[in-house]
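Peer 1: okay, sequence plus prediction incoming.
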Amino acid sequence: MIELNEELIRRHFIDLREKELIDEMIEVGIIDEIAEGNLVMDVGRYIRSVPLIIKGTVRIMREDEEGRELFLYYLKPGETCAVSLTCCMAQERSSIRAIADEDTVMLRIPVEKIDQWSSRYTSWKNYVMGTYRQRYEELLYTIDSIAFMKMDERLWRYLIEKSAMTNRNDLQITHQEIADALHSTREVISRLLKALEKQGRIQLGRNKIKVIEEEL
């Protein structure tokens with residue numbers, strides 16, 4: 001079990017500076033370890049705590065009315081989720097699904113602290129505002145990619161970003177999982193993956209894709 005202490009927080013959340021803030025985070029925070037593939041939060045549930053990622057990556061998905069998922073962005077160490085912050089402050093149910101893409105360790109902060117700390121600690125307020133700005137830019141990028149990029153371009157960018165996030169060239173993922181993330185079909189994704197393999201950019205295996213060419 002990872003010990004929650006000042007050194008851990010300062011190492012992973014370098015923009016949080018006030019000693020009093022760090023002390024409060026240690027006092028009220030809870031370390032949570034999530035195994036790869038497990039839910040961090042789900043659509044329709046109330047969010048009781050905000051996750052701050054210490055280790056691993058979390059995939060954020062949006063679900064449409066028919067239950068199909070659309071990939072939005074990843075959370076990596078040092079980051080938190082803007083949607084969970086918004087839902088916490090508005091006391092609304094979650095509109096996204098978050099899944100651990102690999103074994104993940106996070107620091108959960110009770111929802112009532114979000115507003116309190118924003119008014120008391122400048123570095124926390126800046127951290128929250130920076131999170132909103134970053135996620136807004138990523139959402140704009142997602143919208144642009146859907147509107148203006150061809151599916152083969154979106155697929156290649158998805159593989160590169162996933163590889164970069166996990167620091168692994170060998171991705172354990174199925175064609176159906178990619179199709180769900182990109183709002184496509186397994187048949188289309190399989191065809192495009194085979195084309196990428198012929199180009200020498202990836203190598204396909206059973207539920208595994210090895211990224212060979214790493215540049216966009």
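Peer 2: That came through, no problem.
Peer 1: dump the residue contacts of Glu92.
Peer 2: Glu92 sits next to 46, 86 when contact means C-beta atoms under 8 Å, 6 or more residues apart in numbering. For every residue, glycine as well, the C-beta is placed using N, CA and C.
Peer 1: go again using 10 Å as the cut-off
Peer 2: 46-47, 83, 86 (C-beta atoms under 10 Å, 6 or more residues apart in numbering).
Peer 1: contact partners of the helix or strand hosting Lys194?
Peer 2: Assigned by DSSP states H and E, Lys194 belongs to helix 186-198. The contact list for helix 186-198 (C-beta under 10 Å, 6+ apart) reads 150-156, 158-159, 174-182, 184-185, 201-204, 209-213.
Peer 1: quick check: buried residues in it?
Peer 2: Residues 188-189, 192-193, 196 are the ones in helix 186-198 that count as buried (16 or more other C-beta atoms under 10 Å).
Peer 1: so how far is that helix off the chain centroid?
Peer 2: Relative to its parent chain, helix 186-198 has a centroid offset of 25 Å by C-alpha atoms, centre = their mean, to the nearest Å.
Peer 1: what of stretch 11-28?
Peer 2: Here stretch 11-28 is found 22 Å from its chain centre; the criterion is C-alpha atoms, centre = their mean.
Peer 1: give me the distance between the two termini of that stretch.
Peer 2: Stretch 11-28 has an end-to-end distance of 18 Å (C-alpha to C-alpha, to the nearest Å).
Peer 1: any residues touching that stretch, and which ones?
Peer 2: Here stretch 11-28 makes contact (C-beta under 10 Å, 6+ apart) with 3-10, 29, 49, 52-55, 77-80, 105, 107-110, 112-113, 116-117, 120-124, 126-127, 130.
Peer 1: for the contacts of Glu92, pick the one with the most neighbours.
Peer 2: Counting neighbours by other C-beta atoms under 10 Å, Ile47 leads the contacts of Glu92 with 23 neighbours.
Peer 1: residues touching that one, list them.
Peer 2: Ile47 sits next to 41, 81, 83-89, 91-94, 96, 98, 111 when contact means C-beta under 10 Å, 6+ apart.
Peer 1: same deal with Thr86?
Peer 2: 47, 92, 94-95, 114, 132, 135 are the contacts of Thr86 under C-beta under 10 Å, 6+ apart.
Peer 1: tell me which helix or strand it sits in.
Peer 2: Element membership for Thr86, per DSSP H and E: helix 82-90.
Peer 1: average pLDDT for that helix?
Peer 2: Averaging pLDDT along helix 82-90 yields 81.
Peer 1: buried sites along stretch 176-185?
Peer 2: Residues of stretch 176-185 classed as buried by neighbour count (16+ other C-beta under 10 Å): 177-182, 184.
Peer 1: quick one, domains of this protein?
Peer 2: 6-147, 149-211 (automatic domain parsing).
Peer 1: and stretch 100-112, which residues are buried?
Peer 2: 100-102, 104-109, 111.
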